[in-house]
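> Predicted coordinates and the sequence they were generated for:
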Amino acid sequence: MDSSEQFRFIEWPMPFLAIVQADLQNLFRSRITYGWLIVGVFLQVIRVLSAPAAIGTAIIVVQGLSDFIFIWSMLIIGITASAVSSETGELADSIMSKSVRRHDYIMAKFTSRIMYVMTIYSLISAVLVGASLRMMENDYDTNGLVAALLLVALALVMLTTLGVTLSMVTSNTVISIVSLLVLWYSMTIFLPLLDLEFMSPSSMINELPDIIQGVWNGEEWKIATSFGGISIITMALSVLYFSTKDL
Amino acid sequence: MTYVVETANLTKIFGGKLIAVNNMNLEVEEGTIYGFLGPNGAGKTTVIRLLLGLIMPTAGSIKVFGERMNTNSAHLRKRIGYLPTNPKLSNKMTPITYLDFVGKLFSQSKDQRISMLSKLIRSVGLLPSASREVKGFSTGMVTRLGLAASLMNNPDLLLLDEPTSGLDPAGRKSTLDLIEELDKEKTIFVSSHILSDIDRICTHVGIINEGKLIYSGSIKEMKKHIQSNVLRLELDGDMNTFCNRLASIVGMADFERRGDFTVEISFVSDISTLKAIQDVIGLIVECNLDLISMNSSTSRIEDAFLKLLEEEESRGFVRAI
């Protein structure tokens, strides 16, 4: 085994982990995070408290989760679409000129932004689900509730990977944010018209009440596969593209 | 002879429009301090970014430490330190957290990182600001921190891109002092358009103009290349009499007055320059002038640089061949 191979196997994780750690520290120290958490939790609590108990868990949870697809998605777009472009200046100077391989960097960015979005999503949706289970009439199926939460999580992972990719491709934060806004909302509007509603986040929201109540119709697998597939393909293409990009 | 950096027909064209580096064959020997000189926009930074694998050549090849450099050559970059022009650092970091982060990017253990960063923070004089956020730092402090970061991995090759750019005279001096103090075993590649900096610290020099390397060799050779036997004098007193009598000095080819106090005298090349200088000094004494300063233009790197640029530009179409 030559020295470069040893390097590959023994030392691979450290630059990757350092970038993930630095990125997460920056994100969790920002005021946006505190604001998002406070407003997100407050809205879910108010939603549950102000709804009549008879409305049931399924509807309240779907309403709460749809916030992530229609409202919080804008914040996620802002955060993910600036992942690479916001550090264009220091990217080459401080990071890529060191002992970092291109795929370490881009995978670290995907990892940190997905971890961040998932952490916020988990905290806010935990409050939503906890409060609605306590206050609402229970009309849910446990497996269905978990599946619904996972489907929304997959949609957010897809949005995050698209955001980081656009940020890397355009190297301009404003352009990547606008492109992602157009892409995300046109997916919501146009994909159902093309008979591809299983790839549309808004169509997924329409399926959620049935899924939470344990009524399975096979669409949930198509949705999960398409969201997961888009995320994986986007990440793979990003790694390939970033490997040859001039910085 | 071992070359740390070797490029063969290196060419970089941006977007099919701008030829930034033009068929460059560059060789940097191990253990030298190589000054990379050129006017603004000549392509110096592009060459450094190519050497680091941050951008890929359009044509030609780059070898660093004998291995081909590409975007994923992290094992080669592990042996390279890089100081960019006016380094852009994360504002929220302090020198300690920044250098620790850089150490992690070089896969250093915690012990290695802590020992190296504490040594470097002291060396670059940032100890009093070690826990302050970078956002309040002056250009000089950021440059010194950048220099510390470039040394975190104890590199064999150090690439310094205009290290004195934007610094005041004190900052410039301290940065050049730091570079001079570096381990003599390192190969240092310094780009600059400040000729006196290069003259002070470098052993070898390369001159780039419009993306093309027009000279590469030792500084001594470069100065010899333009040897023109010119003496520059700054005098106080009756300059008119002195100038009128200059024609009587054997071997004087020409003289030119520059302002009220300065005169440049050139000598024909086939006489003893020492004898001519003795005669000129004798004349200064006879004319009762005060000698403020005297220097030989042959030792000035500015003249060598400008002469090479002029020569290169005067070659016209032949430059392409």
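Received it, and whenever you're ready, just let me know what you need. Computed from a predicted structure; not experimentally measured.

> mind listing the helices for the stretch 151-300 of chain B?
Secondary structure of the stretch 151-300 of chain B (DSSP state H, counting those that start in this stretch): helices at B:169-181, B:195-201, B:219-225, B:239-246, B:273-286.

> Nearest approach to chain A belongs to which of the ones you listed?
With Cβ to the nearest Cβ, the closest approach to chain A among the helices of the stretch 151-300 of chain B belongs to helix B:169-181: 16.8 Å. No exception for glycine: its C-beta is placed from N, CA and C like everyone else's.

> Residues of the stretch 1-150 of chain B that sit close to chain A?
By the rule Cβ under 8 Å from any Cβ of the partner chain, the part of the stretch 1-150 of chain B lying against chain A is B:49, B:52, B:54-56, B:71-72, B:74-75, B:77-78, B:80, B:82, B:84, B:87-90, B:92, B:98, B:101-102, B:104-107, B:146, B:149.

> sorry, back to before: out of the helices of the stretch 151-300 of chain B, deepest packed?
Burial among these, expressed as mean neighbours by mean count of other Cβ atoms under 10 Å in any protein chain shown, is greatest for helix B:195-201, which shows a mean of 19.

> Off-centre distance for stretch B:287-298?
Stretch B:287-298 has its C-alpha centroid displaced from the chain centroid by 28 Å (Cα atoms, centre = their mean, to the nearest Å).

> ok, residue A:204 - contacts?
A:69, A:151-152, A:155, A:198, A:223, A:227 (Cβ atoms under 8 Å, 6 or more residues apart in numbering or on different chains).

> redo that, cut-off 7 Å
Residues near residue A:204 by Cβ atoms under 7 Å, 6 or more residues apart in numbering or on different chains: A:151, A:155, A:223.

> Need the buried ones from the residues of the stretch 1-150 of chain B next to chain A selected in ChimeraX.
Selection of buried members from the residues of the stretch 1-150 of chain B next to chain A for ChimeraX, criterion 16 or more other Cβ atoms under 10 Å in any protein chain shown:
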select /B:49,52,54,55,56,71,72,74,75,77,78,80,82,84,87,88,89,90,98,101,102,104,105,106,107,146,149
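
> which ones among the residues of the stretch 1-150 of chain B next to chain A are found in strands?
B:80, B:82 (DSSP state E).

> If residue B:80 is in a bridge, with which residues?
residue B:157 (DSSP bridges).

> how close does it get to residue B:221?
In this view, residue B:80 and residue B:221 are 27 Å apart by Cβ to Cβ, to the nearest Å.

> helices and strands of chain B: which one has the lowest mean pLDDT?
Ranked by mean pLDDT, DSSP states H and E, the helix or strand of chain B with the weakest confidence is helix B:301-314, at a mean of 68.

> And the helices in chain A, which stretches?
With helices called from DSSP state H, chain A shows them at A:3-11, A:13-28, A:31-50, A:57-70, A:72-80, A:88-90, A:102-135, A:142-170, A:173-193, A:201-212, A:219-244.

> now these as TSV including distance to residue B:112?
As requested, those are exported to TSV (distance: least, Cβ to Cβ, whole Å):
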stretch	distance to residue B:112
helix A:3-11	12
helix A:13-28	11
helix A:31-50	33
helix A:57-70	43
helix A:72-80	34
helix A:88-90	23
helix A:102-135	19
helix A:142-170	31
helix A:173-193	36
helix A:201-212	47
helix A:219-244	29
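
> could you dump these to a markdown table with mean pLDDT and distance to residue B:230?
Formatted as a markdown table, those follow (pLDDT from 0 to 100; distance: least, Cβ to Cβ, whole Å):
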| stretch | mean pLDDT | distance to residue B:230 |
| --- | --- | --- |
| helix A:3-11 | 49 | 53 |
| helix A:13-28 | 91 | 54 |
| helix A:31-50 | 92 | 64 |
| helix A:57-70 | 90 | 76 |
| helix A:72-80 | 91 | 63 |
| helix A:88-90 | 69 | 45 |
| helix A:102-135 | 93 | 52 |
| helix A:142-170 | 92 | 55 |
| helix A:173-193 | 85 | 55 |
| helix A:201-212 | 86 | 77 |
| helix A:219-244 | 90 | 52 |
